[in-house]
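[1] Sequence first, predicted model second:
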Amino acid sequence: MNAATPLQSDTVLLPERIGELTGLAEFGLAGELLATFIAAFIVGNLMLAMTGVAGPWAKRKITAAFTDRIAVNHLGPGGILIIVADSVRLLSKENIIPENADRPAYDLAPIVIAGSALLGFAVIPMGNGVHLADPEVGLVYVFAVAGIASIGLMMAGYASGNKYSMLGGLRAVAQNIAYEIPLVVTGMSVVLFAGSLRMSEIVAAQSEPLITIAGVAIPAWYALVNPFAFVLFLIANFAEVGRNPFDMPEAPAELIAGYQTEYSSVYFVLVYLGEFLHIFLGGAIITTIFLGGPAGPVLPEIVWFIIKIWAVFLLTQWLRSAIPRVRIDQLIEIGWKGLLVLSFANLFLTAAIVGVIQ
Amino acid sequence: MSTGIEQTPADGETLTEDELEALIGDRAIARDDHMNAPGFVVNPDEVQSVLSDLKERAGYDHLSSVTAQEYEDRYESIYHLKKYADASDEVSVVVPTASDDPVSESAEPVFRTADWHEREAYDLVGIEYADHPDLRRILLPETWQGHPLSKGYDQEKPQVVTLSEHANPLESDHRESGGESDTMFLNIGPHHPATHGVLHVETVLDGETVVDVEPDIGYLHRCEEQMCQQGTYRHQIMPYPDRWDYVSSGLLNEWSYARAIEDLADIEVPEYAQVIRTMGAELCRIASHMLALGTFALDVYGEFTAIFQYTFRDREVVQDILEDLTGQRMMFNYFRVGGVAWDLPEPREEFFEKTRDFLDELPAKVAEYNDMVTSNEIFQTRCIDTGVLEPEVAKDYGCTGPVARGSGVDYDLRRDDPYGYYENLDWDVVTRDGCDNYARVLTRMEEVEESAKIIQQCLDLLEDWPEDDREVQANVPRTLKPDADAETYRAVEAAKGELGIYIRSDGTDKPGRFKIRSPCFSNLQALGEMAEGEYIPDLVASLGSLDIVLGEVDR
Amino acid sequence: MIGLLKSMATTMKHALDGSTFTVEYPKTAPDVSPRFRGVHKWSQERCIWCRQCENVCPNDTIQIVMDDQRNGEQYNLHIGQCVYCRLCEEVCPTDAILLTQNFEFTADTKHDFVYNKEQLKSVPWYKDIDPLESREPDRGAWIGEGEGEVDYQ
């Protein structure tokens, strides 16, 4: 369909490869299905493991570094075993469900929040063949499932039967609507370059050298080709996943903990992990469409992929330590009056430039 | 009879005592002079006319405190008036009311700040104020029986206030609207991360806009006034002031009591002790302002941000110095009646070096705060023009300290009503005209630098002080018994503003009435003016910029 | 925008220099100043049962019981109620009661914080700091010390 050639070696997706390796492929549709489940299980667990490291340990350590403290250091080397201790602690706590909770919605919300992020990873090429599916509309799909999270936040907000949660849920919706559009529009400017919505093709399009300096080829990552779009996308993404300075739905000083105020124990873990999953998913999208996907020298591709999404995570924590939260009206204003206009300007300019070059 | 004297209020001209007498005229039924100010006894139904004359025609525009007390034969409300232009020019208006029917006219129409002060008087002593817009209990629960500071109150009788007896604010989702408006009632606190303690703010929201704010205080009421009334002047009261404003402004608080009792018992404090006091107090002010900046950043930034930790780290250095000096990190109990407990710690050189090191590093730290906080554009958009407190409103509410100075009210007791060693030192009062949250933050940060200047000069003085003249305490008798019925109201500039103490002696070694004028109490009243019509985040920021400590609000 | 970048640069500078200001308590015992006031230590040998400490105490933390010949029987101190004002030490003519630097004490119930004579005697010094050295009490006139070292046990 397009002139850009997909990477021949990587067109084999993870489920197919597992099917071949285990022989499940011979059992027809059922075998393929099982192989897909196994592959999804592996990728899902990889992501959950990363959030598991990020939530109880890495976040503390990073924050401590910014604030001149030591943070967890008693359990295991560098306190890494706090992950185990925290899991035991959180899972063994009583799950308190408020009297006024709207039951099915209250129970479903954490699953929706965490699940929507996990779904997004299905189309992300992580290198070394770890790639679950590669539909033609990959980029649209990933924006769509990431958007489901706002439904989860809204559900958590109203179903908790708490006014602070309600305000948090409403803020989440207002914020997501305001920033989803600039996010997608900026993402589209990348599609104009790549000429495809397929994730693997977007990655492949970034592998060509942009310029060569002293024998080192700088690849045509879209962050370098169009840094303006990259910055816009970063900002919109922080707002989309609700990180500082746009952490309005939680806003601890104002709304206590926003939509997650009433969640405890396992539900809290899900909500909390869901948040981290969304940061990582945001990082994965940025990596894929702006940072050349899993490509990188020397190290295996999957390692590069993980380094890149952790870099985005680190950036969120850095902003958290240094930048005040904007007010809700200012946030909406920035979204509608600033980012939306800029992102459309970016789209038209990119379209014009791409049109001229071709 | 006519008052005889035509006086314009704005020119700042000071009326002599005779002129004041003429101004009040027949309305004064007697004189009841206090040690700090002339006192005029007026009838309960002429409070408003006398106060408004004093305010409009004599320039007494600062109602710093209202003290209520019960004598054997009568109740008494005392209005302590001052001038923002000249804090040492004071006058007291004494309003006696009958024991069987203690009703007095409210001063609220003249001074907004009288609202809460009179509610407190009603709550604790039992005087009722006619014309008061909202005469409810303020510190004690609404179902409390009796008035604890009145004579007939049974101190032994336990009172159980159950939750069910409380008005449940959750029930009334729509206040004053009959359920027709689309506003939402929201309880902010008493367990809310941004209330700096146990403050309960009853808020009515229209969307996210704050329509009505009503702070509900008293959760941390510990009967501090009564505890002080049960302690002896000489030793037993001094440990308590540390516990009013308990976030490291202990020495400033202690000074308020020390100043009042030294005035009452006519004790001369050795100059050397005054220098140490001045230095210690300013160290406390730095620690307190650091915390104020850190917690304000917490309110605006959210979560445990770097700036909060940095201010804490720097405050920690001050606390170490204070620990070396006083022996405790927060509950100092370092001042004594007539001086301080100890001379500087030996070896003195080490102490000087440590303190000087801190002062040397301070400018770099303040520059770092400026880099991080005040020059940050998002911080500026959050703080500039939010929580606006006009100077006239601030005066009406009796605001003092950095809150008033951030609104351009040039009022600082260290300069206006000098005590300690301040008048011999070279420093400036910081004022800013912004009237907003940003101005208050900047005021505090500049005050930190001014305090550093004061400490620097104190250190120089202490270093060169002749060794044979280092007297840290005056010779004060073991038992202090000031003359019966001696009354005084004395205030110092604490970290949060004017911290005043009213003491009436009844001839024993314990105070007959001990009243604390807390700056936070008055400042917090202005929250409604600052927050109404703004968003919740601005309400939270305004509350943070007021820098209240609930221990001092509730006492 | 410059301001934002300056904020971010400041925090990153702190992150990279690796210095910390917190202490790994309880692994490292923090230093306290010589004047620091912690749990009381009492010496029966020095106490003359004058009851001045009981009188000066602002909140009835010290309770002394004596028989009818004014011989001391009990000396109880509620360290959970104490405000650590040091007035008892200041008023004591014989340095029988001292506030050590020891700030670590635990109990299961608040009643366990009522220390009797024996418990007060066995309160340990913190890091072997003798508080008397830094507090320069001037009360030698009351009781002759001799030249030897003071034994608080």
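    Arrived safely, thanks for sending.

[2] So for chain C, the centremost residue is which one?
    Chain C has C:Gly38 as the residue nearest its centroid, 2.3 Å off, counting by CA atoms, centre = their mean.

[3] my guess is that one meets C:Asn102, correct?
    Yes: taking CB atoms under 8 Å as the definition, C:Gly38 is a contact partner of C:Asn102 at 4.5 Å. Any C-beta I mention is one placed from the backbone N, CA and C, and that applies to glycine too.

[4] what residues do those two have in common as contacts?
    Common neighbours of C:Gly38 and C:Asn102, using CB atoms under 8 Å, 6 or more residues apart in numbering or on different chains, are C:Tyr126.

[5] Can you give me every residue that contacts A:Asp188?
    One correction, residue A:188 is Met, not Asp. A:Met188 touches A:Leu347, counting by CB under 8 Å, 6+ apart.

[6] Shouldn't it be within a helix?
    Yes: judged by DSSP: H, G, I helix; E, B strand; the rest coil, A:Met188 forms part of a helix.

[7] any idea where the strands of the chain begin and end?
    Looking at chain A here, since you left the chain open. Assigned by DSSP state E, the strands in chain A fall at A:209-213, A:216-219.

[8] My question was about chain C, not that one.
    Per DSSP E, chain C carries strands over the ranges C:40-42, C:62-66, C:72-78, C:97-99, C:114-115.

[9] Now do the longest one against strand C:62-66, angle only.
    If I follow you right, that is strand C:72-78. 170 degrees (axes from the mean of the first three to the mean of the last three CA atoms, to 10 degrees).

[10] one step back: show the backbone phi and psi for the residue nearest to the centre of chain C.
    Per-residue torsions, C:Gly38: phi -120, psi -140 (degrees, to the nearest 10).

[11] any idea how far chain A is from it?
    The spacing between C:Gly38 and chain A, counted by CB to the nearest CB, to the nearest Å, is 25 Å.

[12] coming back round to it: how about TSV for the strands of chain C, with mean neighbour count, distance to A:Ala85 and mean pLDDT added?
    Shown next, in TSV, are the strands of chain C (neighbours: other CB atoms under 10 Å in any protein chain shown; distance: least, CB to CB, whole Å; pLDDT from 0 to 100):
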stretch	mean neighbour count	distance to A:Ala85	mean pLDDT
strand C:40-42	23	37	85
strand C:62-66	15	43	87
strand C:72-78	17	36	85
strand C:97-99	24	38	84
strand C:114-115	20	35	88
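
[13] For chain A, find the nearest of those.
    strand C:97-99 (30.5 Å; CB to the nearest CB).

[14] distance between that closest one and the chain's centre?
    When C-alpha coordinates are averaged (CA atoms, centre = their mean, to the nearest Å), strand C:97-99 and its chain have centres 6 Å apart.

[15] what's it packed up against?
    strand C:40-42, helix C:87-91, helix C:131-135 (3 or more CB pairs under 8 Å, 6 or more residues apart in numbering or on different chains; DSSP states H and E).

[16] same for the first one, what does it pack against?
    When contacts are defined as 3+ CB pairs under 8 Å, 6+ apart, strand C:40-42 sits against strand C:72-78, strand C:97-99, helix C:117-121.

[17] partners of it in the sheet?
    Counting by DSSP bridges, the strands paired with strand C:40-42 are strand C:97-99 (antiparallel).

[18] quick one on the thing from earlier: just the strands of chain A: most buried one?
    Greatest average neighbour count among the strands of chain A goes to strand A:216-219 (a mean of 12), per mean count of other CB atoms under 10 Å in any protein chain shown.

[19] Restricting to C-alpha, output that strand in PDB.
    Provided in PDB are the C-alpha atoms of strand A:216-219 (Å, rounded to 0.1, in the frame of the first residue of the first chain):
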ATOM      1  CA  VAL A 216      27.900   8.900  12.700                       C
ATOM      2  CA  ALA A 217      24.500   8.800  11.000                       C
ATOM      3  CA  ILE A 218      21.900  10.600  12.900                       C
ATOM      4  CA  PRO A 219      18.600   8.800  12.300                       C
END
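
[20] Pull the distance from that strand to the chain's centre.
    For strand A:216-219, the distance to the chain centre is 27 Å (CA atoms, centre = their mean).

[21] how about the residues of chain C near chain B?
    With the criterion set to CB under 8 Å from any CB of the partner chain, chain C comes near chain B through C:1-4, C:6-7, C:9-11, C:14, C:21, C:32-37, C:56-59, C:83-87, C:90-91, C:134-136.

[22] out of these, which are inside helices?
    Within the residues of chain C next to chain B, residues falling in helices by DSSP state H are C:2-4, C:6-7, C:9-11, C:14, C:56, C:87, C:90-91, C:134-135.

[23] Go back to these and keep what's next to chain A.
    C:4, C:7, C:10-11, C:14.

[24] what's the closest of those residues to B:Ile188?
    C:Ser7 (27.9 Å; CB to CB).

[25] contacting residues around that closest one?
    Contacts of C:Ser7 (CB under 8 Å, 6+ apart): A:322-323, B:371-373, B:375-376.

[26] Spell out which parts of chain C neighbour chain A.
    So far as CB under 8 Å from any CB goes, chain C lies against chain A at C:4, C:7-8, C:10-12, C:14-15, C:18-22, C:24.

[27] Which pair of the residues you listed spans the longest distance?
    C:Leu4 and C:Glu24 (33.9 Å).

[28] OK, now which residue of the stretch 451-555 of chain B is nearest to chain A?
    B:Pro537 (4.8 Å).

[29] And that residue, how far from B:Glu90?
    Between B:Pro537 and B:Glu90 the distance is 40 Å, computed by CB to CB, to the nearest Å.

[30] Of the two, which one has the most company?
    B:Pro537 (27 against 22; other CB atoms under 10 Å in any protein chain shown).

[31] hang on, the earlier thing: with distance to chain C and mean pLDDT added, can I get the strands of chain A in JSON lines?
    As requested, the strands of chain A are exported to JSON lines (distance: least, CB to the nearest CB, whole Å; pLDDT from 0 to 100):
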{"stretch": "strand A:209-213", "distance to chain C": "26", "mean pLDDT": "73"}
{"stretch": "strand A:216-219", "distance to chain C": "24", "mean pLDDT": "74"}
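
[32] need those strands in JSON lines with distance to B:Gln380, can you?
    JSON lines is the format used below for these (distance: least, CB to CB, whole Å):
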{"stretch": "strand A:209-213", "distance to B:Gln380": "38"}
{"stretch": "strand A:216-219", "distance to B:Gln380": "38"}
